[in-house]
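In: the following block contains a protein sequence and its predicted model.
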Amino acid sequence: MVQPSQRILVVANETVGGSVLIESLTALAASSDSEVLVLAPALNSRLAYWTSSDDGARVEAELRVAGCIALLTAAGIRATGLVGDSDPLRAVEDVLRLYPADQLVIATHPEERSNWLARDIVERSREKFGRPVVHIVVDLEHCAEYLVAA
């Protein structure tokens, strides 16, 4: 029996190239005819945000997305990507209007370094968007990554 197609929205930025993220997406997408959309919010410094200068942040995010798409494509996954609003919740909300994802995958830094976890982005996404959320922690500094139980 063929599994139904599934749309997975990945929300990540600096953590977008983590091996656990790629492995998890490969496992999630392998169970059905899935497609993945990688969303990287264009994160900026406060000064750049207030001066409305996000060019550098967008370019960096675009490069990260392209790298992730290359890894996913090499793993046999249909993947596309885009750069979104600097606020991850707003970025997800914007994308969900056009891409009705069945599931969200959010990749963050570890708690002690994660602005997204400090802002409770994972839980707020679960509540706000009413979709299953998989949380993956990518610790690039210590080369440690892990999947957080949903």
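Out: On my side now, so go ahead. Predicted model only: the values in this text are computed from it and were never measured.

In: looking at the protein, which helix or strand is least sure?
Out: Counting by mean pLDDT, DSSP states H and E, the chain has its least confident helix or strand at helix 46-50, which shows a mean of 43.

In: distance between the longest helix that the chain contains and the chain's centre?
Out: Assignment by DSSP state H gives helix 55-74 as the longest helix of the chain. What separates the centre of helix 55-74 from the centre of its chain is 11 Å, taken as CA atoms, centre = their mean, to the nearest Å.

In: show me which residues of the helix or strand just after that helix are buried.
Out: Downstream of helix 55-74, the next assigned helix or strand under DSSP states H and E is strand 78-84. Across strand 78-84, burial judged by 16 or more other CB atoms under 10 Å covers 79, 81, 82, 83, 84. Using the backbone N, CA and C atoms, a C-beta is placed for each residue, glycine as well.

In: so which elements touch strand 78-84?
Out: Packing contacts for strand 78-84, counted by 3 or more CB pairs under 8 Å, 6 or more residues apart in numbering; DSSP states H and E, involve strand 34-41, helix 55-74, helix 88-98.

In: the last one to strand 78-84, inter-axis angle?
Out: Read it as helix 88-98. 130 degrees (axes from the mean of the first three to the mean of the last three CA atoms, to 10 degrees).

In: which neighbours does the helix or strand just after helix 88-98 have in its sheet, and in what orientation?
Out: Moving toward the C-terminus from helix 88-98, the next helix or strand (DSSP H and E) is strand 103-108. Strand 103-108 has the following sheet partners, assigned by DSSP bridges: strand 6-11 (parallel), strand 133-139 (parallel).

In: and of the helices and strands packed on strand 78-84, who's closest to residue 115?
Out: Closest of these to residue 115 is helix 88-98, at 9.3 Å (criterion: CB to CB).

In: render the CA-only coordinates of that closest one in CSV, please.
Out: The C-alpha trace of helix 88-98 is given here as CSV (Å, rounded to 0.1, in the frame of the first residue of the first chain):
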residue,chain,number,x,y,z
PRO,A,88,10.1,32.5,12.9
LEU,A,89,6.4,32.4,13.9
ARG,A,90,5.5,35.0,11.3
ALA,A,91,7.6,33.3,8.7
VAL,A,92,5.8,30.0,9.3
GLU,A,93,2.4,31.7,9.3
ASP,A,94,3.3,33.3,5.9
VAL,A,95,4.4,30.1,4.4
LEU,A,96,1.5,28.0,5.6
ARG,A,97,-0.9,30.3,3.6
LEU,A,98,0.7,28.9,0.4
